[in-house]
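# quick one, structure for this:
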Amino acid sequence: MSDLQLTPISILFVDPDIEDRAYWVRRLELASPEYVITTVEEGRTAIEMCRSRRFDCVVLELKLPDISGFEVLTHLCPVASQPDVAVVILTKLLFTTLSAAARTNGAQSYLIKPQTSGDQLDTAIQKAVARVGPTSKRLPTQAMLNDRESLRGGAESETIDG
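Numbering: from 1, shown residues only. Just a heads-up that it's a prediction; the model follows:
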């Protein structure tokens, strides 16, 4: 029976709308008991959370109050072909160019809120995590190692684009 035990999947849910966050988190909790969900409202907070903790998946709204969701995406996936974390875009923004750009920049899926069910989001998360791999099986990337090194060295908090 140990083969049937569920492995927790840690999710960072980034959305500024409190009602949307509550709605989607509830849908995910109903869809799968293995989800451990942390929620944040702002992009900078999401980036900081991902620097201090590893998540299996980030569900990301593109329209954020402080920075663009694309800026968050580029921090999470500095090398789009080898993402550090599975990213599912769940947004109110309905533009096909955004969908293509999100995928080009490392997102595994792009979903439109009014057109998406809880089951569809659950499926997108499961597929994204399967593609990227759970955090327990991922090796630290250079970006993560750089973040750890700057924290150990007591360096000032900076963003390095590259």
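
# any weak-confidence spans in the protein?
Confidence mapping of the chain against pLDDT under 70 gives the ranges 1-6, 134-162.

# report the central residue of it.
Val58 (1.4 Å; C-alpha atoms, centre = their mean).

# that one should be in a strand, yeah?
Yes. Per DSSP: H, G, I helix; E, B strand; the rest coil, Val58 lies within a strand segment.

# quickly note the distance from it to Thr96.
Separation of Val58 from Thr96 (C-beta to C-beta, to the nearest Å) stands at 22 Å. The way it works is simple: take the backbone N, C-alpha and C, and place the C-beta from them, glycine included.

# and what of Pro16?
23 Å.

# neighbour count: the two, which is higher?
Taking other C-beta atoms under 10 Å, Pro16 and Thr96 do not tie; Pro16 has more neighbours (15 against 8).

# that's a strand at the more buried one, yeah?
No. Looking at Pro16 with three-state DSSP, it is coil, so not inside a strand.

# quick check: it touching Leu62?
No. Pro16 is beyond contact range of Leu62, at 10.8 Å (criterion: C-beta atoms under 8 Å).

# please enumerate the helices of this protein.
Ranges of helices in the chain, per DSSP state H, are 18-31, 43-52, 69-76, 96-104, 118-132, 142-152.

# and the longest one, what does it pack onto?
Of the remaining helices and strands, those touching helix 118-132 by 3 or more C-beta pairs under 8 Å, 6 or more residues apart in numbering; DSSP states H and E are strand 9-14, helix 18-31, strand 57-60, strand 86-91, strand 109-112.
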